[in-house]
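Chemist: Sequence unavailable; structure follows:
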């Protein structure tokens, strides 16, 4: 059984050793995430180059996701590195404080006093500490501790219910976009977008720098939920970033939002990644908890394209084991249930020839005993549309274009194959494609398979032909089987 749900693994100190990274790739990593919140430009470039080199040596393809830091609103530093806050303590967030103490701490986002008012609730360190705002005066926010704990340097700040006005793209992000373009990232993730305009700005900056990344919106602000339709329209993919989102909207709300976002993404022909604390315990333990296994499985059953490892693979003690655990949970979940998110399709007409071919292909695959789908593609658009439909039939994206093969690594149920470079005769391409899938064991003689191709060959966005072929009967490459 081929795993349909893709695995994204964050790179970091725990996975920087080439031997470890190679084992992770062999264990099932489809896309590596480079987190611009940590490290420097040279490290990011080296990670991307190493991952691609190791994948090539292993005979597979990995995509690269560049994740912008965004406006992470944080407290400053303390004289002694940390303090302990008790319920009822008075505490000040002071935009002009340089080093914090038991009474106050500085802010890296100097406009925070303009974004809050008396009665607002601020959540620090992913909600572990809760502050009620009692008064705002010039550059100072006077608070009362409602939930205490240890507060250390540079911990994040969220406002309950959202409403912080920091722009989605910082000066650092703008420079990091250029770095992502330099190492030819396949995906560019925008952190904390509030609307589709934030995504459109990121796309314009990426295009101006000469990039061709697919843009992913990380849904982690409450405002992003309200603007989800606009964000989906502007982006190529979304990430269900459950950490900051849970702090802003409340943890109990997130599971239903996750299901809603996955449905919305698939219904709008967009990709979706589910992330944050999926196997958190495996940072320090070699096996996941039963609750974590259920969490990953439920994301698979919801129809997510990919599940993501963060600290588990970047800084944990068991990066390879985390990938292995994720892979086996995905496989088992996929055996049990086939996601059905096709309601929108039944009530709408295809808008393009490619979409019509994609729908016809998936309808055929569900009605006949089709063993595999071979989609010859230049841009990857047709296989993306195919992957939005429910099916257990593997989709092989046959492409001579490296950028396309790397992008489809994130598409649920789609597997890239390098093939077709320099070929122009459709019948020869189809015959050689059949031979390649036979060689890989994806099909056997006598199986039915579907092939899609654009004629004339080599035209981007030109998929216009679907053929049903019985493997091993060469004449069927010249004459489609009657259905």
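Modeler: Arrived safely. Note that the structure is predicted; figures quoted are calculated from it, not measured.

Chemist: I'd like the next helix or strand past the helix or strand bottoming out on mean pLDDT in the chain.
Modeler: The helix or strand of the chain with the poorest confidence is helix 343-346; it has a mean of 49 (mean pLDDT, DSSP states H and E). The helix or strand immediately downstream of helix 343-346 is helix 353-367, counting by DSSP states H and E.

Chemist: now the helix or strand just after that following helix: mean pLDDT?
Modeler: The helix or strand immediately downstream of helix 353-367 is strand 370-376, counting by DSSP H and E. With pLDDT averaged residue by residue, strand 370-376 scores 94.

Chemist: which helices and strands sit right next to strand 370-376?
Modeler: helix 353-367, helix 381-387, strand 395-399, helix 426-440, strand 448-454, strand 463-470 (3 or more CB pairs under 8 Å, 6 or more residues apart in numbering; DSSP states H and E). Heads up, the C-betas are built off the backbone N, CA and C, glycines and all.

Chemist: nearest to residue 239, of these?
Modeler: helix 381-387 (16.8 Å; CB to CB).

Chemist: which helices and strands does that closest one pack with?
Modeler: helix 353-367, strand 370-376, strand 395-399, strand 414-418.

Chemist: again, 7 Å this time
Modeler: helix 353-367, strand 370-376, strand 395-399 (3 or more CB pairs under 7 Å, 6 or more residues apart in numbering; DSSP states H and E).

Chemist: partner strands of the second one, parallel or antiparallel?
Modeler: Spelled out, that is strand 370-376. strand 395-399 (parallel), strand 448-454 (parallel) (DSSP bridges).

Chemist: Turn the ones you listed into CSV, columns for distance to residue 302 and mean neighbour count.
Modeler: Below are the strands paired with strand 370-376 laid out as CSV (distance: least, CB to CB, whole Å; neighbours: other CB atoms under 10 Å):
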stretch, distance to residue 302, mean neighbour count
strand 395-399, 20, 27
strand 448-454, 26, 23
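
Chemist: out of those, nearest to residue 313?
Modeler: Using CB to CB, those put strand 395-399 closest to residue 313, at 25.2 Å.

Chemist: so the residue most central in space within the chain, which of the three states?
Modeler: Nearest to the mean C-alpha position of the chain, counting by CA atoms, centre = their mean, stands residue 273 at 3.7 Å. Assigned with DSSP: H, G, I helix; E, B strand; the rest coil, residue 273 falls in the strand class.

Chemist: For it, give its distance to residue 151.
Modeler: Relative to residue 151, residue 273 is positioned 31 Å away (CB to CB, to the nearest Å).

Chemist: And residue 84, its phi and psi?
Modeler: For residue 84, the backbone dihedrals (degrees, to the nearest 10) come out as phi -120, psi 120.

Chemist: So it is in contact with residue 150, correct?
Modeler: Yes: with contacts counted by CB atoms under 7 Å, residue 84 reaches residue 150, the gap being 5.4 Å.

Chemist: Help me confirm that residue 269 is found in a strand?
Modeler: No: going by three-state DSSP, the assignment for residue 269 is coil, not a strand.

Chemist: what about the strands in the stretch 101-250 of the chain?
Modeler: Taking DSSP state E, counting those that start in this stretch, the strands of the stretch 101-250 of the chain run over residues 104-105, 121-124, 129-137, 140-147, 149-152, 157-159, 187-190, 214-219, 237-241.

Chemist: which one of those lies closest to residue 326?
Modeler: It's strand 237-241; of these, that one is closest to residue 326 (CB to CB) at 15.7 Å.

Chemist: what's that closest one packed up against?
Modeler: Judged by 3+ CB pairs under 7 Å, 6+ apart, the packing partners of strand 237-241 are strand 214-219, helix 254-267, strand 271-275.

Chemist: Could I get the ones you listed in a markdown table, plus columns for distance to residue 325 and mean pLDDT?
Modeler: Output for the helices and strands packed on strand 237-241, formatted as a markdown table (distance: least, CB to CB, whole Å; pLDDT from 0 to 100):
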| stretch | distance to residue 325 | mean pLDDT |
| --- | --- | --- |
| strand 214-219 | 24 | 98 |
| helix 254-267 | 20 | 96 |
| strand 271-275 | 15 | 98 |
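
Chemist: what about the nearest residue to residue 201 once chain neighbours are set aside, neighbour count?
Modeler: Once flanking residues are discounted, residue 201 sits nearest to residue 169: 6.1 Å by CB to CB, 6 or more residues apart in numbering. Residues within reach of residue 169, counting by other CB atoms under 10 Å, total 21.

Chemist: Local confidence estimate at residue 169?
Modeler: 95.

Chemist: Please report the distance of it from residue 238.
Modeler: Distance of residue 169 to residue 238, computed by CB to CB: 17 Å.

Chemist: Same check on residue 85?
Modeler: From residue 85 to residue 238 the distance is 35 Å (CB to CB).

Chemist: again with residue 152
Modeler: 31 Å.

Chemist: out of these two, which sits in the more crowded spot?
Modeler: Of the pair residue 152 and residue 238, residue 238 is the one with more neighbours under other CB under 10 Å, namely 29 against 14.

Chemist: show me the contacts for the more buried one.
Modeler: 216-217, 219, 231-232, 261, 265, 270, 272 (CB atoms under 7 Å, 6 or more residues apart in numbering).

Chemist: Beta-bridge partners for it, please?
Modeler: Applying DSSP bridges, one finds that residue 238 bridges with residue 217, residue 272.

Chemist: quick one: pLDDT of it?
Modeler: For residue 238, pLDDT reads 98.

Chemist: before we move on, the earlier item: so which of the helices and strands packed on strand 370-376 is nearest residue 60?
Modeler: helix 426-440 (11.9 Å).

Chemist: Just the mean pLDDT for the closest one, thanks.
Modeler: 84.

Chemist: got it, and stretch 114-121?
Modeler: On average, stretch 114-121 scores 95.

Chemist: same check, this time on stretch 189-199
Modeler: In the prediction, stretch 189-199 has an average pLDDT of 96.
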